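below are the sequence and a predicted model for it; my questions follow.
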Amino acid sequence: MYPTVAEALALPVIRQGRPKVVAGSDGLRNRVRWVHVAEVADIAHLLRGGELVLTTGIALHSDPAALTRYVDDLAGVGAAGLVIELGRRWRTELPDALVEAAQRHRLPLVTLAQETRFVSVTEAVVALIVDAQLAELRAAEQVHETFTALTVAGAEPAEVLREVARTSGLPVVLETLTHDVLAYDAAGQDPTDLLVDWVERSRAVSVAERTSYHEEAGWLVTVVGARGADWGRLVLVSPEPPPHRHVVVAERAASALAVHRLVARDRESLERQTHRTLLTELLGHSTPPADLATRAAALGVPLERRRLVGIAVRPRTATSEVTGPPAPALATQEVLRDLAEATALAARRASVCALVGVVDDTSVRALLVLPPQPSVDAVLRRLAQEAHHAAAGTAHALPVVVAAGTTVTSVADAGRTLAEAAHVAGAALRSPTARLYHRLDDVRLRGLLHLLREDERIRAFADRELGPLLARDAAHGSRLVELLRHYCEQGGNKSAAAAAAHLSRTAYYQQLGRVEQVLKVSLEDPESMLSLYVALLAMDVSGK
């Protein structure tokens, strides 16, 4: 990282000249790439940007317009600053035109009251630049060694992100390409502030290069994965443009994460790898390959002329809860690999043939082949019990959500029931009701809204219905949205809602009156209450 103008002015050789910043103090953090001595007026076209220009001003015109143009040209090419030695051209102060132009461009304009050897200044600043570059190289080498050691040791993503946060001092988030958070380290900051509205914020940040800084968002983003097989993004939250060493940290961390994913998949059992291939083909083709059923039968999982049900098993981490601060997301490949083995074990204990594998970054999928006699619910109940028990026995001991799609009788429809299971699992994660397993009937309206959560019209509806109330809560620290939720969940029973909110009925009724006043609706109107409850559910499934 190049030194700043302020750091250059602090050098003893410049301090001896009694420097004084007369304009552009806002630009003292400009980086100095080089020092250039120039005693000509038309120097700008010879510069490349980042130069600290030294001059006595002896060749500059006295015309205010010419002086303004001189500063305009320097600012236009990105000069870091302008240092003028007094005594030869101007004795005690600079012309107003120079000062005003520099102030307008926030270009540091510095006077030297004492005669100064410019060659000594050049040597000192260049030495400072070289020292900074050497320090940057040493830091980059240290980063390289650190992350190489983590890669060789097979460090988990949480360890890699912890090192990123420690090295950079910045919060870091690992997300999928669909913007789901896989893991993060808040670097000592509030995790809630880091992850609030993450999906919406992340969707707005797109970068053209594999590693790029998005100035508006204040994010340093690097793509994770091998070229042609990218699977995630690593985000360092950096309000200011990051130094080069932070870019190195991000890129080396991304490499470590990509290698870990490959190694984790290599550790999959051969059976899980083969099952994953078949499940991926079922999900990725509207018409499965002609030989897929034959290949599945060879694995002991006959699919033809059988009843089939898709299953999704997702870790229920603290980030899945409806309320409360988020905790580290643990749905890494290591966790999912263990969960896949646990799900396969559950299927064997429940005496159900199944294809079981990890096909994405959030869940384990299974395609069950139902036996001819027992009912579907009986099979699902037995499998879910075994899945919860087996998942609790893994190294991570995570609670899980088990979800099922509809029953189909054709291999061509297997992809649909697998996809339905994933949608049901996503909706069930935010459901306040804990069930042994979930189906489409269980998630009901919440499930429909989950399926439509990417539709901008759903989001616009929720914002339109609840926007004034959310704004009121944010501005006054009130809890009107929470009180409205109690009212809707209790079916309009004010007494039950007041008890759920832990308020007296008088106080609760007053708060409901305030809700009606802010939203300009009557909560006695069934359609108003229904509309508001749908908006609350839409807000839940969209993660707001």
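Now that the structure is in, tell me what you want to look at.

which helix or which strand is home to the residue most central in space within the chain?
The chain has residue 173 as the residue nearest its centroid, 5.0 Å off, counting by Cα atoms, centre = their mean. Assigned by DSSP states H and E, residue 173 belongs to strand 172-176.

what does residue 309 give?
strand 308-315.

over to residue 250?
Short version, using DSSP H and E: residue 250 is in helix 244-266.

the next helix or strand after that helix: which residues count as buried?
Remark: after helix 244-266, the chain's next helix or strand is helix 270-284, criterion DSSP H and E. For helix 270-284, the neighbour count (16 or more other Cβ atoms under 10 Å) marks 271-272, 274-276, 278-279, 281-283 as buried. To be clear about C-beta, it is placed using only N, CA and C from the backbone, and glycine gets the same treatment.

what's the mean pLDDT across helix 270-284?
The predicted model assigns helix 270-284 a mean pLDDT of 85.

by contact count, what packs against it?
Helix 270-284 sits against helix 292-298, helix 333-349, strand 353-358, strand 364-369, helix 414-429, with contacts defined as 3 or more Cβ pairs under 8 Å, 6 or more residues apart in numbering; DSSP states H and E.

repeat the analysis, applying 10 Å as the threshold.
helix 244-266, helix 292-298, strand 308-315, helix 333-349, strand 353-358, strand 364-369, helix 414-429 (3 or more Cβ pairs under 10 Å, 6 or more residues apart in numbering; DSSP states H and E).

circling back: is it true that the residue nearest to the centre of the chain touches residue 186?
Yes - the pair residue 173 and residue 186 passes the contact test of Cβ atoms under 10 Å, sitting 8.9 Å apart.

overlap of the contact sets of those two?
Here residue 173 and residue 186 have 161, 194-195, 237 as joint contacts, going by Cβ atoms under 10 Å, 6 or more residues apart in numbering.

and of those residues, the nearest to residue 129?
Using Cβ to Cβ, residue 237 is the member of the shared contacts of residue 173 and residue 186 that sits closest to residue 129, with 28.9 Å.

pull the longest helix from this structure.
Counting by DSSP state H, the longest helix found in the chain is helix 118-152.

pLDDT (mean, whole number) over it?
Mean pLDDT, computed over helix 118-152, is 79.

report the angle between the axes of that helix and helix 244-266?
10 degrees (axes from the mean of the first three to the mean of the last three Cα atoms, to 10 degrees).

ok, the residue nearest to residue 34 when sequence neighbours are not counted - contacts?
Using Cβ to Cβ, 6 or more residues apart in numbering and skipping the chain neighbours, the partner closest in space to residue 34 is residue 51 (5.1 Å). Taking Cβ under 10 Å, 6+ apart, we find residue 51 in contact with 32-36, 38, 43-44, 74, 77-82.

any of these buried? List them.
32-36, 38, 43-44, 74, 79-82.

quick check: residue 81 touching residue 24?
Yes - if you go by Cβ under 10 Å, residue 81 and residue 24 touch, sitting 7.3 Å apart.

now do the shared contacts for those two.
5, 30, 102, 107-110.

of the residues you listed, closest to residue 457?
Nearest to residue 457 among the shared contacts of residue 81 and residue 24, with distances taken as Cβ to Cβ, is residue 30, at 46.7 Å.

that closest one - nearest residue in space that isn't next to it in sequence?
residue 80 (4.3 Å).

test for you: state the pLDDT assigned to the residue of the chain most remote from its centre.
Within the chain, the residue lying farthest from the chain centre (Cα atoms, centre = their mean) is residue 88, at 56.5 Å. pLDDT recorded at residue 88 is 85.

that one reaches residue 112, doesn't it?
No - the pair residue 88 / residue 112 is not scored as a contact, 11.0 Å apart, by Cβ under 10 Å.

mutual contacts of the two, please.
residue 56.

what sits against the nearest residue to residue 257 once chain neighbours are set aside?
Closest residue to residue 257 apart from its sequence neighbours, by Cβ to Cβ, 6+ apart: residue 224 at 5.2 Å. When contacts are counted by Cβ under 10 Å, 6+ apart, residue 224 touches 157, 174-177, 182, 210, 230-234, 250-251, 253-258, 261.

secondary structure class for residue 224?
strand (DSSP: H, G, I helix; E, B strand; the rest coil).

just the pLDDT at it, thanks.
On the pLDDT scale, residue 224 gets 90.

now swap in the one 5 residues further on and tell me
Each residue has a pLDDT score; the one for residue 229 is 77.

that one contacts residue 258, correct?
Yes - using Cβ under 10 Å as the test, residue 229 is close enough to residue 258 to be in contact (8.9 Å).

those two: which is more packed in?
residue 258 (20 against 9; other Cβ atoms under 10 Å).

buried residues, the helix holding residue 250. List them.
By 16+ other Cβ under 10 Å, the buried positions in helix 244-266 come out as 245-261, 264.

same question, stretch 472-489
472-473, 478, 480-481, 483-488.

in a markdown table: those residues, plus pLDDT.
Shown next, in a markdown table, are the buried residues of stretch 472-489 (pLDDT from 0 to 100):
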| residue | pLDDT |
| --- | --- |
| 472 | 89 |
| 473 | 87 |
| 478 | 88 |
| 480 | 90 |
| 481 | 89 |
| 483 | 90 |
| 484 | 90 |
| 485 | 88 |
| 486 | 90 |
| 487 | 89 |
| 488 | 87 |
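
just these: which are in helices?
Those of the buried residues of stretch 472-489 lying in helices (DSSP H): 472-473, 480-481, 483-488.

and those residues as JSON lines, adding distance to residue 131?
As requested, these are arranged in JSON lines below (distance: Cβ to Cβ, whole Å):
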{"residue": "472", "distance to residue 131": "55"}
{"residue": "473", "distance to residue 131": "52"}
{"residue": "480", "distance to residue 131": "58"}
{"residue": "481", "distance to residue 131": "55"}
{"residue": "483", "distance to residue 131": "61"}
{"residue": "484", "distance to residue 131": "61"}
{"residue": "485", "distance to residue 131": "59"}
{"residue": "486", "distance to residue 131": "63"}
{"residue": "487", "distance to residue 131": "66"}
{"residue": "488", "distance to residue 131": "64"}
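
in contact with the residue nearest to residue 536 when sequence neighbours are not counted, which residues?
Spatial nearest neighbour of residue 536, excluding adjacent residues (Cβ to Cβ, 6+ apart): residue 485 at 5.6 Å. Residue 485 makes contact with 322, 479, 497, 500-501, 532-533, 536-537, 539-540, according to Cβ under 10 Å, 6+ apart.
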